[in-house]
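Asks: for reference, the sequence and a predicted model appear below.
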Amino acid sequence: MTRVPDSAALRDIAEGAARTAGAYLRGAFRAGMTIDHKRDRHDLVTEHDRASEEIIVPLLLDGAPGSRIVGEEGGVRGGSGPVTWYIDPIDGTSNFAQGLAFFCVVIAAERDGEVVAGVVYDPMADRMFSASDEGAFLDGEPLDAGCALPADAATLITGFPTARDLEADGPVALEEFGALVDAFSSVRRTGSGALTIAHVAAGWADSALGSSVNPWDVAASMLILRRAGGDYRPLWYEDEPGADHLAPGFVALRPGAAYPALDAVARGIVERRRGR
């Protein structure tokens, strides 16, 4: 019987795979590449997304034989063992494709339905955010999110409103974005949900909001934030929620955060989605 790696071992496997893929991406960054589109002009994909995932998958399967793989590019494959890997080979593909150095490799390990290890690797800055049952880490050192600043001094990072939010909600989405801009000291749109949440975990931002995410976007960074002492709140658009990393939206916060404007916008997004 094959022994299932523990949480720390799964983190080590993910770190090694992320570093290997990150080295490849550093070599491809700002070089010529083929850019395609998935759903629309806002959803880019490159040959490097696919190539990076193909670097990662065999390393994960070698480290945890029989694992199931859920990748953004390759879909579901692999075995039916107790470990499921969630992979986003480039979270922030639009940034990567356009030469903006804010993207990352994301790998999370779910065991028996619970996320137990995860890494978010920023290859251009060579920063490794990771988490396991042992805690959260940045470049191998313990990570603590610290205390949130009051809203008038705080930073919010968000992708809201996306093009799909604007199409669905019209002017109200822009009104809510305006309320966030007014409430916070600064609002930033960075283009990588996973790296954004990792920045909250590191105390480099105070909060984050995502209205349209996938499990491979958030599973690893959710765990990192929670292990660093922060708060990850899933936003569910259905009446029967599941595991937190499967939720289609989120609010991420440093400890002690109290942001009524953010709460109101998140509540509005949920109510509108549930109303359709």
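Replies: The structure has been received and is ready for your questions.

Asks: tell me the secondary structure at Phe177.
Replies: helix (DSSP: H, G, I helix; E, B strand; the rest coil).

Asks: list the contacts for it?
Replies: 160-161, 187 (Cβ atoms under 8 Å, 6 or more residues apart in numbering). Every residue, glycine included, has its C-beta placed from N, CA and C.

Asks: surely Trp85 meets Ile107?
Replies: Yes. The pair Trp85 / Ile107 is scored as a contact, 6.4 Å apart, by Cβ atoms under 8 Å.

Asks: the two: which has the busier surroundings?
Replies: Each of Trp85 and Ile107 has its neighbours counted (other Cβ atoms under 10 Å); Ile107 has more, 32 against 28.

Asks: assess the claim that the more buried one and Ala220 are in contact.
Replies: Yes. Applying Cβ under 8 Å, one finds Ile107 in contact with Ala220, separated by 6.2 Å.

Asks: just to revisit the earlier point, among the contacts of Phe177, which ones are in strands?
Replies: Val187 (DSSP state E).

Asks: show me how to select, in PyMOL, the buried members of the contacts of Phe177.
Replies: What follows is the PyMOL syntax selecting those of the contacts of Phe177 that are buried according to 16 or more other Cβ atoms under 10 Å:
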select buried, resi 160+161+187
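
Asks: what about Ala266, distance to Ala258?
Replies: As judged by Cβ to Cβ, to the nearest Å, Ala266 and Ala258 stand 14 Å apart.

Asks: can you pull out the helices in the protein?
Replies: 7-28, 47-63, 93-98, 163-169, 171-183, 193-201, 215-227, 260-275 (DSSP state H).

Asks: buried residues in the fifth one, which are they?
Replies: Within helix 171-183, the residues that count as buried by 16+ other Cβ under 10 Å are 173, 176-177, 180, 183.

Asks: worst-scoring helix or strand of the protein, pLDDT-wise?
Replies: Least confident element among the helices and strands of the chain, by mean pLDDT, DSSP states H and E: strand 35-37 (a mean of 59).

Asks: any weak-confidence spans in this protein?
Replies: For the chain, the stretches flagged by pLDDT under 70 are 1-2, 33-45, 276.

Asks: just to revisit the earlier point, which of Ala266 and Ala258 has more neighbours?
Replies: Shown here are Ala266 and Ala258; by other Cβ under 10 Å, Ala266 has more neighbours (21 against 11).

Asks: can you pull the contacts of the residue positioned nearest the centre of the chain?
Replies: Centroid check for the chain by Cα atoms, centre = their mean gives Ala194 as the closest residue, at 2.3 Å. Contact analysis of Ala194 by Cβ under 8 Å, 6+ apart lists 88, 91-92, 104, 106, 120, 217-218, 220-221.
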